[in-house]
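>>> With the input below, show me the fold.
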Amino acid sequence: MTRLMADPVEHRLAPQGEDMKFLKTSTAAVVLTLGLAGCSANASDSGGAESYNWDFTVTVGDGTTWYLGAEKFAEVLDEESDGRIQVNIFANEQLSGGDAAAGIEQLMNGDKAFSYNSTITWSGIDPRYGAINAPFLYKDYAEAEAAINGGALDAYKELAHESNVELLGFGESGFRQVTNNVHPITKPSDLANMKLRVPGSSLFLDLYTALGADPITMDFSEVFTSLQNGTIDGQENPYDVIYSNGLAEVQEHLTVWNYVYDPLMLGMNKDLYDSLSDEDKALVEKAAAEANKVQIAENRKRETEQLEAMKGSMNVAELDESQIKAFREAVSPVHDKFEPIRTEALVSAVQPK
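Numbering: from 1, shown residues only. Take a look at the predicted model:
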């Protein structure tokens, strides 16, 4: 396994400039030379089976559970194939200059083999992927897991096939929370006129507009500095992203409300998947299952530790069900707008079981 990482400091997106130009040029040369999905394939000495060298990207830095899951995936493939299958891991969307949506397009068109991406990023390409991110859909992980195992995963696998991607299961970024520097957020009116950075998704723009906030989109690489200098008042993300990127250092208030569940799609270019032998497909699926299991377990373990750590430096408000109900009612028009876009089948598949 090859570890290819950006500067790990605070795990923000990789810088641009001459280093990135060199990386892009080198990567393009590799893709042109190696062909399908950023891989090389050669007959090995082990029974004539093909050997492979594949690229795997994650959106965030090397200190996150996303990267840990990718490492596990690479390790299992290396061990199970006796070194015949190698995976190169790139943090911070290095192969697409930090642009996660462009990274998904690389996966779809075969410029790389694998990626971990949030369904929120996928929804920017096709809004149907956002069905599982509906606000206040699940109250806890047990409900989310039941929905995934009860049909959501199968529905997303079918959807991913339309994008020329083989979905190898879900990892987990976790439930998203909100932080700010103005005051505690415990009721909808607390968000009035608050400048909050949100993902570049119409769902989040509409959601926070409905709550009276002033939602702003920007590259995640700009968030820390923008919070530090007051350009924005706050942001929203799962615990691991907040903590691992040092955002707790520049935010006073954290609201725990589990308002959006954020799974990770472990995707593989479908043309590449279809080209594999049955034996190698089985190896890939085994590695993916182990990677997702490790990533999810570590994400949840870290959440407990990270929340306790942030309580030492931030004012933390953990909302109860009656408080969450007020937010759920306030955003009901957003549900009404997006349900037809996501299709009845997907909306039904992600419902709590």
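>>> buried set for the longest helix along the chain?
Using DSSP state H, we find that the single longest helix of the chain is helix 278-311. Neighbour-count burial for helix 278-311 flags 280, 283-284, 287-288, 290-292, 294-296, 298-299, 302-303, 306-307, 310 (criterion: 16 or more other CB atoms under 10 Å). In short, each C-beta sits where N, CA and C put it, glycine included.
>>> What mean pLDDT does that helix get?
Mean per-residue pLDDT for helix 278-311: 97.
>>> So for stretch 253-269, what gets flagged as buried?
253-255, 257-269.
>>> Spit out the contact partners of Leu319.
Neighbouring residues of Leu319 by CB atoms under 8 Å, 6 or more residues apart in numbering: Thr186, Thr255, Val256, Trp257, Phe327.
>>> Number of residues surrounding the nearest residue to Gly151 once chain neighbours are set aside?
Counting by CB to CB, 6 or more residues apart in numbering, Ala349 is the residue found nearest to Gly151 once chain neighbours are left out, at 4.5 Å. Neighbour count for Ala349, taken as other CB atoms under 10 Å: 22.
>>> so what's Ala349 scoring on pLDDT?
At Ala349, the pLDDT value in this model is 96.
>>> how about it, what does it touch?
Ala349 neighbours (CB under 8 Å, 6+ apart): Ala131, Ala147, Gly151, Ala152, Asp154, Ala155, Tyr156.
>>> Quick check: it vs Ala147, distance?
8 Å (CB to CB, to the nearest Å).
>>> Quick one: neighbours of the nearest residue in space to Asn181 that is not next to it in sequence, just the number.
What sits nearest to Asn181 in space, not counting adjacent residues and going by CB to CB, 6+ apart, is Glu252, at 5.1 Å. When counting by other CB under 10 Å, one arrives at 15 neighbours for Glu252.
>>> and the longest helix of the chain, what does it pack onto?
Packing partners of helix 278-311 (3 or more CB pairs under 8 Å, 6 or more residues apart in numbering; DSSP states H and E): helix 65-80, strand 165-180, helix 239-244, strand 253-269.
>>> mean pLDDT for those: which is lowest?
For the helices and strands packed on helix 278-311, where the average pLDDT is lowest is helix 239-244, sitting at a mean of 90.
>>> Wait, Asp214 touches Leu191, no?
No: in this structure, Asp214 is not within contact of Leu191 by CB atoms under 8 Å, at 9.1 Å.
>>> Mutual contacts of these two, please.
Residues touching both Asp214 and Leu191 by CB under 8 Å, 6+ apart: Tyr208.
>>> hmm, back to that, which one, of the helices and strands packed on helix 278-311, ends up nearest to Val223?
Taking CB to CB, helix 239-244 is the member of those nearest to Val223, at 9.6 Å.
>>> which of the residues in the closest one are buried?
For helix 239-244, burial by neighbour count (16+ other CB under 10 Å) applies to Tyr239, Asp240, Val241, Ile242, Tyr243, Ser244.
>>> Just send the helices and strands packed on helix 278-311 back as JSON lines, with distance to Met108 too.
Shown next, in JSON lines, are the helices and strands packed on helix 278-311 (distance: least, CB to CB, whole Å):
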{"stretch": "helix 65-80", "distance to Met108": "19"}
{"stretch": "strand 165-180", "distance to Met108": "6"}
{"stretch": "helix 239-244", "distance to Met108": "24"}
{"stretch": "strand 253-269", "distance to Met108": "7"}
